[in-house]
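> using only what follows, build the 3D model:
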Amino acid sequence: MAADSEPESEVFEITDFTTASEWERFISKIEEVLNDWKLIGISSGKPLEKGIYTTGAWEEKSDEISFADFKFSVTHHYLVQEPSDRDGKEEPAEDALPLPMQDLLCMNNDFPPRAHCLVRWYGLREFVVIAPAANNDAVLSESKCNLLLSSVSIALGNTGCQVPLFVQIHQKWRRMYVGECQGPGVRTDFEMVHLRKVPNQYTHLSGLLDIFKSKIGCPLMPLPPVSMAIRLTYVLQDWQQYFWPQQPPDIDALVGGEVGGLEFGKLPFGACEDPISELHLATTWPHLTEGIIVDNDVYSDLDPIQAPQWSVRIRKADNPQCLLGDFLNEFFKLCRRKESTDEILGRSAFEEDGKEVADITHALSKLTEPAPVPIHKLSVTNMVHSAKKKIRKHRGVDESPLNNEVLNTILLFLFPDAAEKLADGVESGTSPSAGNNPPPENEDYNLFSQFKSAPSDSLTYKLALCLCMINFYHGGVKGVAHLWQEFVLEMRYRWENNYLIPGLANGPPDLRCCLLHQKLQMLNCCIERKKARDEGKRGSVSDRSPGVSSGDAGKGADHSGDNAKETDKEKEVGKSWESWSDSEEEFFECLSDTEDLKGNGQENLKKGGAKEGSKEPVNLKPEGRLHPHGKLTLLHPGEPLYIPITQEPAPMTEDLLEEQSEVLAKLGTSAEGAHLRARMQSACLLSDMESFKAANPGCCLEDFVRWYSPRDYIEEEVVDEKGNVVIKGELSARMKIPSNMWVEAWETAKPVPARRQKRLFDDTREAEKVLHYLAVQKPADLARHLLSCIIHAAVLKVKEEEVLEDISSVKKIIKQIISHSSKVLRFPNPEDKKLEEIIAQIMSVEAIIARARSLKAKFGVEKCENEEEKEDLQRFVNCLLEQPEVSVLGAGRGPAGSVIHKLFVNAQRVSAMPPLDEELRRSGSSDERRLNTGAVPDFPPPTGREVILRTTVPRPAPYSKPLPQRMYSVLTKEDFRLAGAFSADTTFF
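Predicted structure coming up:
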């Protein structure tokens with residue numbers, strides 16, 4: 001039964017041959033893609049211009065198809081042409097060859113320097129490639145290859161597409177393609193041979209002609225002439241007579257100052273190795289006919305000197321070591337470090353023995369104590385080093401990352417005022433530092449506002465450069481931590497001893513700069529206030545005009561008295577209001593007693609006087625007057641209105657402003673919150689009101705508004721009872737609003753002059769906050785703060801070097817770097833990836849300039865005496881930098897050609913010259929040696945040989961249509977390739 005059931009089961013197996021197979025589906029998908037890309041029908045176009053493959057734009061489209069579960073990518077490569085090329089042409093003749101077949105014979109674009117390999121091998125302007133989608137997939141078997149080729153042939157036949165279709169076979173690195181192109185009654189087959197070792201008969205032209213003719217198999221006798229284009233490529237790797245001009249910096253000479261372009265305050269520049277590794281000379285014979293020259297295994301007419309065309313390309317060294325790029329990268333690595341300064345230098349750095357004072361900064365206080373040493377030896381740096389000696393007790397002199405000499409040099413560079421002290425003990429802070437005066441405005445100087453860094457003459461900028469150099473040459477992160485520790489000690493010393501910090505612009509923190517620069521400016525403001533208070537000099541206090549704080553622009557224009565405010569203020573003599581400060585942090589006992597006496601006396605006067613000080617005059621003595629305010633008088637007493645001495649508003653850094661805005665925002669939108677917010681914001685207004693009341697006894701709110709905010713006092717001409725026209729004034733509508741903050745503040749304000757008010761800006765507290773902020777900065781935080789300064793310095797250095805070379809492409813890249821950097825650096829905490837992109841762009845510019853200098857040295861541009869030749873060589877060098885391949889004018893006989901010839905001749909002589917010891921051993925006359933030297937050829941054997949053979953012959957029969965045939969051959973040391981395009985008549989065969 002089992003045997004009988006088997007044939008019965010076979011009866012019911014029905015195969016449906018109407019269902020499409022996987023192969024048919026694959027062909028259908030190819031046709032669908034060709035239709036989508038509108039590659040169907042006759043292709044037309046104008047003849048190709050010379051060099052269009054290099055100068056024109058190439059584009060590609062891609063899609064994905066699959067054969068069963070094997071995926072292929074289909075890519076259309078094409079040269080972008082003007083739309084009129086296809087639309088404006090007349091209909092081509094019926095017997096016209098397809099455009100790709102015409103391109104096979106075109107000689108205008110042989111050997112393009114930068115193009116797809118199929119463009120170089122076949123000269124095509126448009127083609128489609130089908131390749132395995134995955135990089136590790138490959139079509140290896142011959143049957144699969146034939147199946148794909150059949151699919152392509154059927155798809156081309158079904159669609160009428162005249163664009164060549166190629167299939168990539170074997171591993172991708174071999175770049176093996178087979179393909180087909182179809183036209184009306186014609187077909188071109190693209191075939192390829194790729195070998196590791198070349199047969200001897202194909203190493204020369206005669207052998208290649210033999211294989212070309214045998215492949216064509218033309219039945220005509222004699223065979224039509226074969227057109228040839230030949231290119232031989234010679235490689236120069238040895239630059240014996242041209243040493244790379246950039247010498248590595250001499251680090252030992254750093255302290256002495258002779259560093260060959262490398263010193264503190266300047267970034268290094270240039271490549272440490274030759275950025276040009278090879279020069280490729282291509283000698284080309286573009287139009288040769290068979291029989292004109294001889295090239296076989298015995299003799300060759302192909303002399304490079306006689307070649308009608310020379311072209312040169314350079315091979316750049318892979319990632320040449322460049323000084324500026326290395327500096328930037330090493331400094332950027334600091335940003336990723338996690339250690340604190342204490343962890344790097346050891347916690348014992350700040351610890352002292354039990355007998356000694358716990359705080360290291362007390363070592364600096366010796367400067368104020370009587371000492372037997374002469375005054376001129378008491379400088380800032382000397383005191384800092386005395387503190388440093390205590391640190392070394394724990395970590396040892398040898399362990400100190402920075403030696404004394406280097407540290408001294410850096411500190412004198414950062415703080416030049418320390419070296420400028422006079423022998424009579426004049427304080428450095430009293431003489432203004434040159435760095436405090438900004439240089440004339442120009443584009444490069446103002447870069448800091450775009451990069452949010454610091455001005456190029458500022459202390460912050462110099463500090464960034466010093467830290468960058470120390471990080472690279474003097475101990476890395478340990479050296480950075482050491483210098484920063486010394487810098488913070490110096491800052492505290494200057495604060496405690498009233499020495500202004502040099503290299504910082506006067507005034508409040510500049511919010512256009514980095515936060516660290518703002519902090520140093522804030523510390524300078526604190527030192528200035530403290531110094532003025534301690535010295536009691538009025539002229540050193542910058543009193544503020546309240547009109548500025550009120551934001552009212554009209555006051556200065558309406559009242560001429562404001563214009564003289566600054567000059568009058570400078571003439572005043574006497575104690576500053578700040579000298580009467582009763583801050584909690586600092587005590588001035590004698591002055592505080594005086595302050596109490598004066599304060600009590602004034603209060604008693606107030607109690608005994610009229611209660612309504614704003615309406616009736618009281619017997620108060622005016623205090624804190626600056627100068628009269630033009631012609632204005634008080635409304636009720638009729639006395640002149642005086643502008644008071646007011647407090648300067650507190651300077652703010654951006655982090656304090658942000659912190660303040662967050663506090664105000666947290667108060668919410670309730671009535672109570674809004675009222676509290678208004679009170680917090682009106683501290684300055686209240687201070688000014690108290691100063692105004694003290695300067696103008698018997699004044700009223702209207703008097704204050706007329707001075708402080710003239711727009712809020714409206715004056716009108718009215719007619720009184722007697723018929724006279726008089727001017728009547730009243731407060732604006734906003735000033736009359738119930739519970740107005742101005743009215744409330746005026747009622748609570750007491751007549752207290754600025755010098756006895758509570759300080760709006762507590763310099764002691766703010767200075768301690770800044771010093772604490774500096775002390776807790778890790779090297780990584782410091783690097784983050786100063787990275788914008790380093791990038792700023794690098795851009796300035798690159799611009800400075802580019803001016804010497806004048807390379808147009810570099811100018812464009814620098815503009816891109818500035819634009820990119822200004823977008824990235826303006827925001828806090830920029831992404832590492834974007835910062836790396838900026839550094840990479842700067843490194844690329846440095847490499848281009850280094851290559852330009854290398855080529856100038858090799859081609860002797862500067863040594864050339866003939867101006868015309870010098871210009872030609874300069875132009876040639878610039879083209880080499882910007883173009884993939886440059887034609888040499890005059891070939892081997894032009895100025896550039898003669899230089900290239902000499903380079904090869906010298907390299908050949910050096911390579912042929914035996915080592916010195918062998919030459920000494922070798923016996924022989926000088927004539928023999930001269931003979932041997934003369935036998936050395938000018939050029940080495942060619943590294944690459946490329947040949948293109950073309951002809952038009954009827955195939956496969958004598959009566960077939962004459963069609964283009966082409967074969968490309970390339971021979972290198974490890975590679976031999978033949979790429980043939982052979983056309984056949986499919987109608988008459």
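
> show me what stretch 33-51 is in contact with.
Around stretch 33-51, the neighbours that count as contacts under Cβ atoms under 8 Å, 6 or more residues apart in numbering are 61, 63, 65, 74, 76, 81, 85-86, 89, 92, 98-100, 102-103, 106, 108-109, 125-126, 128, 155, 159-163. All C-beta spots, glycine's among them, are computed from the backbone N, C-alpha and C.

> may I have the distance across stretch 493-503, first residue to last?
End-to-end distance for stretch 493-503: 17 Å, by Cα to Cα, to the nearest Å.

> do stretch 854-870 as well
With Cα to Cα as the measure, stretch 854-870 spans 16 Å from end to end.

> again, but for stretch 296-303
Stretch 296-303: ends 13 Å apart by Cα to Cα.

> can you give me the buried ones in it?
For stretch 296-303, the neighbour count (16 or more other Cβ atoms under 10 Å) marks L302 as buried.

> what separates it from the chain centre, distance-wise?
With Cα atoms, centre = their mean, to the nearest Å as the basis, stretch 296-303 stands 53 Å off its chain's centre.

> what about R950, which helix or strand?
strand 944-954 (DSSP states H and E).

> what is the subsequent helix or strand relative to that strand?
Per DSSP H and E, strand 944-954 leads on to strand 962-972 as the next helix or strand towards the C-terminus.

> so how far is that next one off the chain centroid?
When C-alpha coordinates are averaged (Cα atoms, centre = their mean), strand 962-972 and its chain have centres 47 Å apart.

> who does it touch, helix- and strand-wise?
Contacts defined by 3 or more Cβ pairs under 8 Å, 6 or more residues apart in numbering; DSSP states H and E place strand 962-972 against helix 99-105, helix 117-122, strand 186-195, helix 205-216, strand 944-954, strand 975-985.

> which helices and strands does the longest one pack with?
Read it as helix 205-216. Checked by 3+ Cβ pairs under 8 Å, 6+ apart, helix 205-216 has strand 944-954, strand 962-972, strand 975-985 packed alongside it.

> mind running it again at 6 Å?
If you count contacts as 3 or more Cβ pairs under 6 Å, 6 or more residues apart in numbering; DSSP states H and E, helix 205-216 packs onto strand 944-954, strand 962-972.

> now render the ones you listed as JSON lines, adding mean neighbour count.
What follows is these, written out as JSON lines (neighbours: other Cβ atoms under 10 Å):
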{"stretch": "strand 944-954", "mean neighbour count": "21"}
{"stretch": "strand 962-972", "mean neighbour count": "21"}
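
> mean pLDDT added to these, as a markdown table?
A markdown table is the format used below for the helices and strands packed on helix 205-216 (pLDDT from 0 to 100):
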| stretch | mean pLDDT |
| --- | --- |
| strand 944-954 | 93 |
| strand 962-972 | 93 |
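
> JSON lines for those strands, including distance to K50?
JSON lines is the format used below for these (distance: least, Cβ to Cβ, whole Å):
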{"stretch": "strand 944-954", "distance to K50": "15"}
{"stretch": "strand 962-972", "distance to K50": "18"}
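
> wait, which of these is closest to T19?
strand 962-972 (40.0 Å; Cβ to Cβ).

> just to be sure, Q908 is in a helix?
Yes. Counting by DSSP: H, G, I helix; E, B strand; the rest coil, Q908 is part of a helix.

> tell me the pLDDT of the nearest residue to it once chain neighbours are set aside.
In space, and not counting its chain neighbours, Q908 is closest to V936: 5.2 Å by Cβ to Cβ, 6 or more residues apart in numbering. V936 carries a pLDDT value of 76.

> same check, this time on S545
pLDDT, S545: 41.

> circling back to that earlier point, name every strand pairing with the strand holding R950 and say which way it goes.
strand 227-236 (antiparallel), strand 962-972 (antiparallel) (DSSP bridges).

> between the first one and helix 205-216, how big is the angle?
On the basis of axes from the mean of the first three to the mean of the last three Cα atoms, to 10 degrees, strand 227-236 is oriented at 140 degrees to helix 205-216.

> partner strands of the very next helix or strand once past strand 227-236 and their direction?
Using DSSP H and E, the helix or strand that follows strand 227-236 in sequence is strand 276-289. Sheet partners assigned to strand 276-289 using DSSP bridges are listed as strand 227-236 (antiparallel), strand 309-316 (antiparallel).

> gap between strand 276-289 and the chain center?
37 Å.

> mind listing what's buried along it?
So, applying 16+ other Cβ under 10 Å, buried residues of strand 276-289: I276, L279, H280, L281, A282, T283, T284, W285, P286, L288.

> mean confidence score for it?
Rounded to a whole number, the mean pLDDT of strand 276-289 is 90.

> so who does E528 touch?
E528 makes contact with no residue under the criterion Cβ atoms under 6 Å, 6 or more residues apart in numbering.

> give me phi/psi at it?
Taking degrees, to the nearest 10, you get phi -60, psi -50 for the backbone angles of E528.

> per-residue pLDDT, it?
pLDDT recorded at E528 is 84.

> excluding residues flanking it in the chain, which one is nearest A780?
That would be R337: by Cβ to Cβ, 6+ apart, it lies 4.5 Å from A780.

> now do the SS call for that neighbour.
Following three-state DSSP, R337 is assigned to coil.

> mind pulling the model confidence for it?
So, for R337, pLDDT stands at 79.

> my read: it touches L782, true?
No. Applying Cβ atoms under 6 Å as the test, R337 and L782 come out as separate, 10.0 Å apart.

> alright, I will stop here.
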